[in-house]
Structure formats: C-alpha cells, structure tokens
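*Asks:* Take this sequence and fold it.
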Amino acid sequence: MKAYIMTGDNLGAWLDTLARDFTLIAPVKEEENVILFKPVKGFAEINLNYTNSTVSPKGWIFPQTEEMFYFSTAGGQINLTDVQAPRPAIIFGLRPCDIKGILTLDPVFNGAYPDPYYQNRRENTILVGLCCTRVERHCFCTSMGGGPTDGRGADLLVTEIDGGYGLEALTSRGEELIHRYQGYFTPDQHSRVILAREELGQKLAGQFTRTVDTTGVKEFLDQNFELPYWDEIARRCLGCGICTYICPTCHCFDIFDFAPDGERGVRSRCWDSCMFSHFTRMAGGHNPRPTQKERVRNRFLHKLKYHRDRYDLDGCVGCGRCVTKCPVNIDIRQIIADLQEVAQHA
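*Replies:* As a prediction, the model looks like this:
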C-alpha cells in the first residue's frame, strides 16, 4: 500500500480531469440537507462537506431502474439487442459504510448465478473512498464491523490532512489511477497520511453516541423464528418501504417489459421492496407473507441473520439512514438491543 499527498488545488484539477476521462460520480447538494451521488462535469459541482448522502450511492452499480435488453417481434422474428455497455466510471467521495455496502452486495450478484449487469458496472467502476470527518447521532458503523476511516473495499482512500489531502492506493487499480495522473501527487515519504488517518479514527471513535452489541443475536434468531416481538414492531410499521430504498445493502428488484407498439420494446428491472404487500404475492393470489408482521420480520432477519447465513457478512453496515428516515421511528439499533433482552429472558 502506497500513500500520496496532494494540495486542495490539485484535488480540484485532478477531479476536473477525471470528469473528462470517465463518468465521474460524486456527492452533489441538491437542496438543503439533500446530498445525492450524481454524474458531475467537474470539481465545482462536488460537495465534500457532508456526512453521508441522503440515498446510498449503490445505485450507480445497481441502478434503481436499469434497461437489460431491447426486443423486437417485427416480421414474426424475435430479435434481441444488448444495451450499450456503460462508460468506465469513478465514484468519488464514498463514505466507508457505503463502500462496505457494495462489498455486501458483491456476493449477492457474483454468486452461483452471476449477474452480468452488476458485474459489468462493478468491474468498470473505480471506488474512491473519503474518510469521515465527523460522526452523526444516527451513525453506528463501528458496531457493524466498520469504522469512519475504514477504507477496505475502496481502490483509493482519501483523508483530509493539514494543507491538503492524503491518498492511499489500496488496490492495483488505485495504483494505476495514481500513476496515470502522477503529476497531481507527491509520494508520502514520511507516513503523514497513515498517521493522519489513524489519529482521525481515534478522534472519531469517541464521537459515537450509541453503539450496539450483536453478540448472540443471530444465534437467538436461528432458534426463534416466531416471536411476539415482531407483532409489536409490525403494528407501528406503515409498509412505506423507505428503509429499503435508502439502504446500501437492500437488493430486491422486479423485472418488467415495456412495448408501447406491441412489436418493439425493452426489458428493464427496478428496485422493489420486501416491505410491500405485493412483493411475495404469487400468480395464483397466495402470499406467504400475508401481513406486515411477516414482512417486518423478514427485513430484520435478512439484516441480522440471513445475510450472515449465506455470505458470512452482516446485512447492515450501520449507516443509520433507516433510523433517520423512518416516519414511525423504527430503529434497528433498538431492535438489536430488544432482541438481546428477549434472548436473556427466553
């Protein structure tokens, strides 16, 4: 792992260059308190003074709506045409929890049945992480195995330092990107970057206002599928699905065809939510999750048990988005604590 230093002016110039050579995705302030990852034309559009984006940036690897292929039945023939491959992209400014979110999605789409659409975007996207500089009251990434300066999964990790920025190349792709634009960087000869990141991590560790302990929760859920506790949570849940749409690890989707003239059309997929009543409804009308209780239970078992069962990874990264946006204040941190208490009295 090699480290480099750049000035603030060079950061802006470098990002302007990247925007010309790649599709550059970065955090943009849409309106007050709304930060979204969007394609930018240069540094002037980027907002780096943010804690985390309103919606997870996973949508640039797993788009909210994605065309899969075009089809035509003209002349009695079925013809399929692939969608044009996206241009190589760089996502700049990813917070560590969102990097971990992408790592959590990887085994889902690259498992026994590899997803070519996800794979193509993932392989053609460079991830540039940005260490956090502050912790918000809803953050609990350290409880889920991460941290505000944890760059695992990024190709490059950026840390603010005195007089500029430090960059650590964590993969060969990150190193290649540095070499391609080496005029913007100076090798870090005195380990300033690593020391600054470690000091920042120690400082931020003391800013977390709440932590949770997941020890034993999965094992308890392994043995206790039916719990009256889920009825309590379901009575509050509106089934709006906002928690799933802003979550960096949720990956449910639907597939649909659109053919306005009956002969030519496109097959697409779009995000869906296990919190919706129709999500598991079958063609004959049967629904194995008929009430909100089953749907709420499935969501939290996926975060705390199922993803671990399948991939040995937590299904939650501790970003806290669902905590802040739930209209009825359902808080996964409190649910973890409640399950701990229920387990102790079981």
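*Asks:* Stretch 142-150: which residues count as buried?
*Replies:* Across stretch 142-150, burial judged by 16 or more other Cβ atoms under 10 Å covers 142-144, 146-150. For the C-beta atoms, the positions are set from N, CA and C on the backbone; glycine is no exception.
*Asks:* could you dump those to JSON lines with secondary structure and distance to Ala13?
*Replies:* Formatted as JSON lines, these follow (DSSP: H, G, I helix; E, B strand; the rest coil; distance: Cβ to Cβ, whole Å):
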{"residue": "Thr142", "secondary structure": "helix", "distance to Ala13": "35"}
{"residue": "Ser143", "secondary structure": "helix", "distance to Ala13": "39"}
{"residue": "Met144", "secondary structure": "helix", "distance to Ala13": "36"}
{"residue": "Gly146", "secondary structure": "coil", "distance to Ala13": "31"}
{"residue": "Gly147", "secondary structure": "coil", "distance to Ala13": "30"}
{"residue": "Pro148", "secondary structure": "coil", "distance to Ala13": "27"}
{"residue": "Thr149", "secondary structure": "coil", "distance to Ala13": "25"}
{"residue": "Asp150", "secondary structure": "coil", "distance to Ala13": "28"}
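*Asks:* need those in JSON lines with pLDDT and distance to Arg264, can you?
*Replies:* Formatted as JSON lines, the buried residues of stretch 142-150 follow (pLDDT from 0 to 100; distance: Cβ to Cβ, whole Å):
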{"residue": "Thr142", "pLDDT": "97", "distance to Arg264": "52"}
{"residue": "Ser143", "pLDDT": "96", "distance to Arg264": "51"}
{"residue": "Met144", "pLDDT": "96", "distance to Arg264": "46"}
{"residue": "Gly146", "pLDDT": "96", "distance to Arg264": "46"}
{"residue": "Gly147", "pLDDT": "97", "distance to Arg264": "50"}
{"residue": "Pro148", "pLDDT": "97", "distance to Arg264": "49"}
{"residue": "Thr149", "pLDDT": "98", "distance to Arg264": "51"}
{"residue": "Asp150", "pLDDT": "97", "distance to Arg264": "48"}
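*Asks:* how much space between the nearest residue to Thr81 once chain neighbours are set aside and Leu105?
*Replies:* The shortest distance from Thr81 to any non-neighbouring residue, by Cβ to Cβ, 6 or more residues apart in numbering, is to Tyr70 (4.3 Å). For Tyr70, the distance to Leu105 equals 26 Å [Cβ to Cβ, to the nearest Å].
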